[in-house]
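A.B. asks: Got a sequence here, can you model it:
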Amino acid sequence: MLLRKITLEEFGAYRGKQSLDLTVKKNKPIILIGGLNGSGKTTLLDAIQLALYGPRARCSGRGTKSYETYLRESINRQQDASRGASVALEFTVTVDATEHYYKIVRSWHTSGKTLKEFLNVFVDEEYGDKTKPGRRTQPNTRFSKLLSEGWADYVEDLLPLEVASLSFFDGEKIESLADPDRAASVIESAVHSLLGVSTVQQLRTDLLALQRRQKLSDEEQHLMDNIRAQEKERDFVKEELETAGQQLDQRETELREVQRTLRSLERKFEKEGGGLFERRIEIEQERKRAAERLAELRSSLTQIAAGPLPLLMLKPQLKDVRKQAKREQSAAEADQVLNVLEERDQWLLDFLPEDARDTVIKKLEEDRAKRSKYTTLEVDFGLPHDALAQLAVLDEALVRDKNRAAELLTLATAAAEELDQLDRQLAGVPEQSKVEAIQIAREEQLQVFASVQAAVSRDAERVRELERRSEYVSAALERAHNDFVRTKVKAEEVERIIKYSEKARRTLERFGEALLQRHISRLEVAMLQSFKELMRKQGLVQDLRIDTDNFALTLTSSEGEPIDPGRLSAGERQLLAVSLLWGLMKVAGNRLPSVIDTPLGRLDSRHREHLVERYFPHASDQVLLLSTDEEIDEYLLGRLKKSVARTYTLVHDDANFTTSVVEDYWWNAGAPNVA
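C.D. replies: Numbers count the residues shown, from 1 in each chain. Predicted structure coming up:
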């Protein structure tokens, strides 16, 4: 696997779109990337892992944060979170002599309070300009939806996460590997994952699964086993059903006895007035409400009595007033008519001849005299002209108040009767001392009744369940017998498969042990050789052994005495950890890139020179070296330069807190100043 290019857009401190060409050259496997502390070296390492593994990536900046929180905080602070960020990684993998080109683009942005993540994987099987051998152009990648959706599983085949942790590491990881216990777990993981021992174990597991499937696919044996199991199940269910039925009968008998006791206590409690005693507070509250309701009704009656309602006692007088009002109204109307008739008669006489006037005048005078009798009243009260209308309004008010008063009287009577009844009930409430003992006994019996009743329900449901289960097992047993009669089984073939699978498993077990021993032996040689190449004290360690049972690491001095790792200095332990990683890569054939972040923190100048000259150029076919200006300084750069394919510097703007990628390294022509 070789990394080709990484592109970061608004990721962490990287503002805008920043790309690094990671292709290497022959005999120049190193990509040197410089940066001061806090400039984004570790962020670059995190970006590679994030692109590959997403939520499973072991990013240093994540800590205990959730994946969503980590992505949110990874968006450049000057970027609009709704536009988001992305990391894109391009690499090639050679499988069966065919090189495949992959491009992974992982992007995310916020939408309100929601974070949305997208993963697009592009892949092609052939790339480059075929018309010009040896020359490669930009690959014509194509998007694979199926690969994108299943990338989490697919990447485990390309580069398992556990293996990647050995390929992508920083100085802190190297220091942690200096611990013997941690080194043992890394050796075990690497030998199984990186060197193929786990594949042998998986084959043995697959063969065992094949054997089990063959046993299960032996239909005859399966049917016999099924019949025996179902017969056993039938007998078990039958026994359980009988037991459950007996238990249910006992529970029902117990429930009936508890019910009789409870009914006896209920009758005694009611006889002593227990019902009223329990309802004492409720009755008192009802009495209070009834008294308040009666007081309200009486108040309403008082208000109505303060109105015109008492006039109902003066019905004859009101009747006489109404008659007098009619007479006075008629007299007033008649007087008005006489005035009008007098004017009309005078107007009419003016049109009559002289000889006819006397007769007409006589008739008109008789008519007026007759009408004038209506204007004469024996008694005149001088009532207003709208007295009849006022009396009509009074009649309506009296009818309304009379009906409302009757309704209120009915309600008041009922309320008074209810109040009397409640008083009688309160008077009949027994003293607490008379019913307290019975009440306690009744409540205890109620609890016993509820408990036994629940037990009866559970037992009844258990019986019904067992009956259904018995019916199902009987039907299944009948079907199994019918199938067994109709089925012929190839038992001989099944036996042969099982026999040879077992032989193959034993062979693989011996092969796995031999493979493990071979890899451990090779790893011991590679680690010891690497350690001696890196160490300043050449005679400190004479031998190195790895236990195949617990993968513990043992060092031996030139005198043949075991060396306690605690006797080594911090720098020597760090070199031992580097030797472990280097040895693993040697045994694995350098087929994975090595990404190393700040590896020289605790080393003296001599050990640093050894790493620069003897380790970095040979660590792998591709080495991404992330360094500060103090680790790979001007002197070490000169010693390393012949193995460097490309150099970059991460320039951090302290004012804007952003990082830019610049080609070349410190002390190169045109490179940014260290300060």
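A.B. asks: any weak-confidence spans in the stretch 101-250 of the chain?
C.D. replies: Where the stretch 101-250 of the chain drops to pLDDT under 70, the residues are 125-143, 166, 170-187, 189-221, 224.
A.B. asks: Show me where it has its strands.
C.D. replies: Assigned by DSSP state E, counting those that start in this stretch, the stretch 101-250 of the chain shows strands spanning 114-124, 142-143, 168-170.
A.B. asks: Which one, of those strands, ends up nearest to residue 1?
C.D. replies: strand 168-170 (11.6 Å; Cβ to Cβ). Placement of C-beta: from N, CA and C, glycine included.
A.B. asks: what's residue 467 in contact with, if anything?
C.D. replies: Residue 467 is in contact with residue 241, counting by Cβ atoms under 8 Å, 6 or more residues apart in numbering.
A.B. asks: Please report phi then psi for it.
C.D. replies: phi -60, psi -40 (degrees, to the nearest 10).
A.B. asks: With residue 655 instead?
C.D. replies: The phi/psi pair for residue 655 (degrees, to the nearest 10) reads phi -70, psi -40.
A.B. asks: Count residues in the vicinity of it, would you?
C.D. replies: 6 (other Cβ atoms under 10 Å).
A.B. asks: burial count for residue 506?
C.D. replies: 12.
A.B. asks: Got the confidence number for it?
C.D. replies: Model confidence at residue 506, given as pLDDT, is 78.
A.B. asks: what kind of secondary structure is it in?
C.D. replies: Three-state call for residue 506 (DSSP: H, G, I helix; E, B strand; the rest coil): helix.
A.B. asks: ok, it to residue 513 distance?
C.D. replies: Per Cβ to Cβ, to the nearest Å, residue 506 is found 11 Å from residue 513.
A.B. asks: Check residue 38 too.
C.D. replies: 49 Å.
A.B. asks: What segments of the stretch 101-250 of the chain are helices?
C.D. replies: Ranges of helices within the stretch 101-250 of the chain are 145-149, 151-158, 161-167, 171-177, 180-193, 197-217, 219-271, based on DSSP state H, counting those that start in this stretch.
A.B. asks: So which elements touch the longest one?
C.D. replies: Read that as helix 219-271. helix 432-486, helix 491-534 (3 or more Cβ pairs under 8 Å, 6 or more residues apart in numbering; DSSP states H and E).
A.B. asks: element containing residue 321, please.
C.D. replies: helix 315-349 (DSSP states H and E).
A.B. asks: let me fix that: residue 38
C.D. replies: Using DSSP H and E, no helix or strand contains residue 38.
A.B. asks: Give me the phi and psi for it.
C.D. replies: Torsion angles at residue 38 (phi, psi; degrees, to the nearest 10) stand at phi 80, psi 10.
A.B. asks: Run through the residues that contact the residue nearest to residue 252 when sequence neighbours are not counted.
C.D. replies: Distances taken as Cβ to Cβ, 6 or more residues apart in numbering place residue 456 nearest to residue 252, at 6.0 Å, with adjacent residues excluded. Contact analysis of residue 456 by Cβ under 8 Å, 6+ apart lists 248, 251, 252, 255.
A.B. asks: go again using 7 Å as the cut-off
C.D. replies: Listed by Cβ atoms under 7 Å, 6 or more residues apart in numbering, the contact set of residue 456 reads 251, 252, 255.
A.B. asks: Domain-wise, how is the chain divided?
C.D. replies: Here the domain assignment for the chain is 222-273+433-486, 279-427, based on automatic domain parsing.
A.B. asks: Can you tell me how far the residue nearest to residue 252 is from residue 443?
C.D. replies: Separation of residue 456 from residue 443 (Cβ to Cβ): 20 Å.
A.B. asks: With residue 409 instead?
C.D. replies: Going from residue 409 to residue 443 by Cβ to Cβ gives 45 Å.
A.B. asks: Check residue 556 too.
C.D. replies: On the measure of Cβ to Cβ, residue 556 and residue 443 end up 82 Å apart.
A.B. asks: Just want to know which of those two has more residues nearby.
C.D. replies: Set residue 556 next to residue 443 and count neighbours by other Cβ under 10 Å: residue 556 wins out with 15 against 11.
A.B. asks: For the more buried one, give me phi and psi.
C.D. replies: Taking degrees, to the nearest 10 as the convention, residue 556 sits at phi -130, psi 140.
A.B. asks: residue contacts, it?
C.D. replies: Residue 556 neighbours (Cβ under 7 Å, 6+ apart): 542, 543, 562, 563.
A.B. asks: Most widely separated two among these?
C.D. replies: Across these, the longest distance by Cβ to Cβ is 10.9 Å; it joins 542 and 562.
A.B. asks: who has more neighbours, the two?
C.D. replies: A direct count of neighbours by other Cβ under 10 Å for residue 542 and residue 562 places residue 542 higher, at 15 against 10.
A.B. asks: Phi and psi next, for that one.
C.D. replies: phi -100, psi -30.
A.B. asks: Show me what residue 661 bridges to in the sheet.
C.D. replies: Beta-bridge pairing for residue 661 (DSSP bridges): residue 650.
A.B. asks: In space, what's closest to residue 658 - neighbours in sequence excluded?
C.D. replies: Spatial nearest neighbour of residue 658, excluding adjacent residues (Cβ to Cβ, 6+ apart): residue 15 at 3.8 Å.
A.B. asks: Regarding that neighbour, what is its secondary structure?
C.D. replies: Of the three states, residue 15 takes strand according to three-state DSSP.
A.B. asks: for it, what are its contacts?
C.D. replies: Neighbouring residues of residue 15 by Cβ under 7 Å, 6+ apart: 76, 78, 658.
A.B. asks: out of these, which is most surrounded?
C.D. replies: Counting neighbours by other Cβ under 10 Å, residue 76 comes out on top of these with 23 neighbours.
A.B. asks: What separation is there between the nearest residue to that residue once chain neighbours are set aside and residue 263?
C.D. replies: Distance criterion Cβ to Cβ, 6+ apart; nearest residue to residue 76, sequence neighbours excluded, is residue 10 at 4.2 Å. Taking Cβ to Cβ as the measure, residue 10 falls 80 Å from residue 263.
A.B. asks: Show me which of those two is the more surrounded one.
C.D. replies: residue 10 (25 against 11).
A.B. asks: now the strand or helix carrying that one: mean pLDDT?
C.D. replies: Assigning secondary structure by DSSP H and E places residue 10 in strand 2-11. The predicted model assigns strand 2-11 a mean pLDDT of 93.
A.B. asks: Over to stretch 460-478?
C.D. replies: The average pLDDT within stretch 460-478 is 86.
A.B. asks: Flag every buried residue along it.
C.D. replies: By neighbour count with 16 or more other Cβ atoms under 10 Å, stretch 460-478 contains the buried residues 462, 463, 466, 469, 470, 473, 476, 477.
A.B. asks: of all these, which comes closest to residue 164?
C.D. replies: Closest approach to residue 164 among those (Cβ to Cβ): residue 476, at 50.5 Å.
A.B. asks: residues in contact with the closest one?
C.D. replies: Residue 476 makes contacts with residue 230, as judged by Cβ under 7 Å, 6+ apart.
A.B. asks: Least reliable of the helices and strands packed on helix 219-271 by average pLDDT, please.
C.D. replies: Minimum mean pLDDT among these: helix 491-534, a mean of 72.
A.B. asks: what's the offset of that helix from the middle of its chain?
C.D. replies: Centroid separation between helix 491-534 and its chain, computed with Cα atoms, centre = their mean, to the nearest Å, is 45 Å.
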